[in-house]
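J.: requesting a structural model of the entry that follows:
(one chain, ligands or ions: 1)
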Amino acid sequence: MLERSDLADNALQCLHDEDYDRPYNLQNLNADTLIFTSGRDGVSLDGDWNFCVDLLDTGLRQKWFSMLPQAHEDKTEPWDYDPYEGETVPVPSCWQMLKEKWYFFEGSAWYTRAVDAEPLAAGRRRFLRIGAAQYDCKVFINGQFLGNHYGGSTPFCVEVTEALQPGRNWLMLCVNNTRTLDRVPMRNTDWFNYGGVYREVALYETPSTVIKGVFARLDGEGIAVDVETDGPASVARIRLPELGIDQEVVLAGGKGRLDLAVRPELWSPESPKLYKLTVEAGGDAICDKVGFRRIERRGTDLFLNGEPLFLRGISVHEDDETKGKCTSEEDLRRRFADARDLGCNFLRLAHYPHHERAAEIADELGFLLWEEIPVYWAIDFANPATRRDAENQLRELIRRDRNRASVIIWSVGNENPDTDARLEFMRGLTEVARAEDPTRLLSAACLVNHAKLKIEDRLAAHIDIIGLNEYYGWYEEEFEELVAIGRNSNPDRPVVISETGADGDHTQHGPEKGLFSIDYQREVYEKQIEILSRLSYIRGISPWILYDFRVERRQNVFQRGFNRKGLIAADKRTRKPAFEVLQGFYEAQKREVEPA
Ligand code: GCU
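T.: Purely as a prediction, here's the structure:
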C-alpha cells in the first residue's frame, strides 16, 4: 500500500524505506518448531499455486500479503501484483526449470494458494510443514506474518492453529534465493542456485499434545528411545511389536527416555533389517521404521556392528536435468540402482541435506550415507548470525534423519580454509552435532595442506573421520605429490577420500584426448585407484560424482553450464568409461573383504 511515512512530509513508506525487510527476518521457524511427521496423515498442499517473481521486494514494500481478493472493478488501489490471479506454478518445483525467463532469476518470489479449513475442535492443533524452500521462506496467512525460515534444504514447521480460520484462508510464501555474504552457503558454490518451494507442503492436525521428536537407537547392550512432546500428556507409549515392546514412559517437561534391554537383529547393508516403531502420547501418534546398528572408529579403522568397514562410495548432488533440485521417488531409486551397479555400499549426499526419502530408501535398500550441511568454501565464519544459521540447519538435519540407520556420518563442512575463525565456527558445529546425536561419526571434507604435501587440518582433532578432497590428475598435475602425501601423512583417524575425479564431456563436443575427454577421465581414475589403494589409513572413497550436474560457473565449450565430472552424464543413462574403472576396483575390493 502506498503508505505515507513519517520520514518526511513528502515521503512514501514503500519507496523510501530500505529497512523494509527487517521485520520479516525473525528466523523463528527452526529446529525447535519442527514436529515429528513420520507416519502422520497430512493434507497435501502440493499442486498449482499463484506465482510471481519479485526482484525488488515490491511485495514486502507494498505489503502484497495484506491484500484480500477483490473484483477488479471494486479495486481502488493500483496494485503492482494481485496474488489471487495471474501465472501459476506447480509446488514442489524450482522456478528456474519452469520458464526460460526465470532460469537465472535470483531474488524473492511469491507463492499464493487458498486453504479451506474445517472448524477445529477444541484443544486440537494445526501445523504447516514445508519440506524445503530455497533459501529464506516467509510465511503469511490471511495477511498475518507468522515467521520465516533460513536454510535451503531442511524442513520447517509453523503452528497455524490460531491463524487458520474456518472456511477460506489465503496462504502466502515469500521465498528468496539471493546469495549473500551471511548465508550458508555464501555467494559462491559449484552447484546451481535453484530457488523455490521444491519439496512437499502439507498441513497436519494433532490433539493438544503433539509429538515433536523421537530418537531410537542402540545404546550399550540394548535400545534407547527418546520422546519429546509439547502439550499436557504426562506419559507416552512406545511400541516395537516385533521386539515385544509395549511400554509406557513418564514425560517430564514433555520429554521421556525408555531404555530397553533387548537385542534386535542388527541393520547392515547386507541385511537392512527395519523394525516398526510407534509412539503415542495424549492421543497423538506417529510411526516410523527404524534399523539398529553400531558405527565406530578405532584408530584409523572403521567398524560396522563390530566388523571392519571400507566405504565403497560415490558422491551425489540433488540435481536433475529437467527438475533441478526437485527429487522424485523414481529419481532416487535410479540413483541407488546406479550406485549398486557401481558396487557401492556408501553415498556422500553432497553438499546439503537431500530429500528425506533418500535416507529412508537407503535404510530399505542397505546403503550407508554421509549427510552434510552446506558450510561450503568461504563462509562468514566470524558472523554470529551465520553461525546460528549453520547450527540450526545442522540441528534440523539431525532431528529429521537421526532415526535413519543408513546415516553413519554427519559432515559439518566442505573445503573450508584452515583459519582460526573457521576452526572456532566448525568446532562449535561438532559440539552441536555431538549434543544432538552422540551415536554417529562426524566428518568434514578437508583440503590437503599443499605447502607441506600432507593431510593436516586443525579441524581433524574435532572430527572422527577426515574427509579429504584431492584432485590429482585434474586441478593438481603431479600424481607424485599424491604419493608424497601418502608418505608424509600419518593420521590417527580414518581418512575417506571424499572427492577426487575429472571432467569428461561424453557428447560430440568432447575432445578425443586430454582434459575434458572421457578417455582422460578414465586415465585419472586408473591412476588415482592405483595410488589410493596402497594407503592403509584410507577407509573409503566417494569420488566426484555420480552424475553430471548443472552449475552457472562452468561455461567452457565442454562444460556448457554443467560440471561434467559425472561417471554418468546428466541424462542419468549414458555411462562413461571411468564408471567401469571404479566398478572394477570396488568388485576387487569387495572380493578382498568379503571372500565368497
Ligand atoms: C570441489 C567441491 C565440489 C566441486 C568439485 C569440482 O571439491 O567440493 O563441490 O564440484 O570440487 O571442482 O568439480
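
J.: end-to-end on stretch 350-359?
T.: Using Cα to Cα, to the nearest Å, the end-to-end distance of stretch 350-359 comes to 13 Å.

J.: helices along the stretch 401-550 of the chain, start to end?
T.: 420-436, 479-488, 518-532 (DSSP state H, counting those that start in this stretch).

J.: any idea which of those helices scores lowest on pLDDT?
T.: Ranked by mean pLDDT, the helices of the stretch 401-550 of the chain bottom out at helix 479-488, with a mean of 93.

J.: helices or strands up against that helix?
T.: helix 518-532 (3 or more Cβ pairs under 8 Å, 6 or more residues apart in numbering; DSSP states H and E). The C-beta positions use only the backbone N, C-alpha and C, and glycine is treated the same way.

J.: say whether the ligand is contacted by the helix it packs on.
T.: No. Helix 518-532 stays clear of the ligand (Cβ under 6 Å from any ligand atom), getting no nearer than 11.9 Å.

J.: give me the packing partners of that helix, helices and strands only.
T.: When contacts are defined as 3+ Cβ pairs under 8 Å, 6+ apart, helix 518-532 packs onto helix 479-488, helix 577-593.

J.: counting neighbours, what do you get for the closest residue to the ligand within the stretch 151-300 of the chain?
T.: Going by Cβ to the nearest ligand atom, the ligand is nearest to Asp190 of the stretch 151-300 of the chain, at 3.6 Å. Using other Cβ atoms under 10 Å, Asp190 has 20 neighbouring residues.

J.: I'd like to know how many residues surround the nearest residue to it once chain neighbours are set aside.
T.: Distance criterion Cβ to Cβ, 6 or more residues apart in numbering; nearest residue to Asp190, sequence neighbours excluded, is Val551 at 5.5 Å. Other residues lying near Val551 total 18 when counted by other Cβ under 10 Å.

J.: got it, and Ile361?
T.: By other Cβ under 10 Å, the residues close to Ile361 number 18.

J.: checking my notes, it in a helix, right?
T.: Yes. Under DSSP: H, G, I helix; E, B strand; the rest coil, Ile361 sits within a helix.

J.: look up how far the ligand lies from it.
T.: The spacing between Ile361 and the ligand, counted by Cβ to the nearest ligand atom, to the nearest Å, is 23 Å.

J.: dump the helices and strands packed on helix 518-532 to a markdown table, plus distance to the ligand and mean neighbour count.
T.: Formatted as a markdown table, the helices and strands packed on helix 518-532 follow (distance: least, Cβ to the nearest ligand atom, whole Å; neighbours: other Cβ atoms under 10 Å):
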| stretch | distance to the ligand | mean neighbour count |
| --- | --- | --- |
| helix 479-488 | 15 | 16 |
| helix 577-593 | 14 | 17 |
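
J.: in TSV, list the ones you listed along with distance to Asp284.
T.: TSV is the format used below for the helices and strands packed on helix 518-532 (distance: least, Cβ to Cβ, whole Å):
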stretch	distance to Asp284
helix 479-488	54
helix 577-593	45
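
J.: who wins for proximity to Asp136 among the ones you listed?
T.: helix 577-593 (38.4 Å; Cβ to Cβ).

J.: what is the closest one packed up against?
T.: Against helix 577-593 (3+ Cβ pairs under 8 Å, 6+ apart) you get strand 311-316, helix 329-342, helix 518-532.

J.: for the protein, which residues are neighbours of the ligand?
T.: 190, 351, 414-415, 469, 499, 544, 563, 565.

J.: now do 8 Å
T.: Near the ligand, the residues belonging to the chain are 189-191, 350-351, 376-377, 414-415, 445, 469, 471, 474-475, 499, 501, 503, 544-545, 549, 551, 563, 565 when assessed by Cβ under 8 Å from any ligand atom.

J.: filter these down to the buried ones and hand me the ChimeraX line.
T.: Selection of buried members from the residues of the chain next to the ligand for ChimeraX, criterion 16 or more other Cβ atoms under 10 Å:
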select :189,190,191,350,351,376,377,414,415,445,469,471,474,499,501,503,544,545,549,551,563,565
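
J.: sort out for me which of the residues of the chain next to the ligand are in strands.
T.: Among the residues of the chain next to the ligand, the members found in strands (DSSP state E) are 414, 445, 469, 499, 549, 563.

J.: in the protein, which residue is most central in space?
T.: The centroid of the chain falls nearest to Pro353 when counting by Cα atoms, centre = their mean (1.0 Å).

J.: hey, where'd the strands end up in the stretch 51-200 of the chain?
T.: Secondary structure of the stretch 51-200 of the chain (DSSP state E, counting those that start in this stretch): strands located at 88-91, 108-117, 125-130, 133-134, 136-141, 144-150, 156-159, 167-176, 196-197.

J.: with mean pLDDT and distance to Asp319 as extra columns, can I get these in TSV?
T.: What follows is the strands of the stretch 51-200 of the chain, written out as TSV (pLDDT from 0 to 100; distance: least, Cβ to Cβ, whole Å):
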stretch	mean pLDDT	distance to Asp319
strand 88-91	98	19
strand 108-117	98	20
strand 125-130	98	20
strand 133-134	98	13
strand 136-141	98	21
strand 144-150	98	22
strand 156-159	98	22
strand 167-176	98	19
strand 196-197	98	14
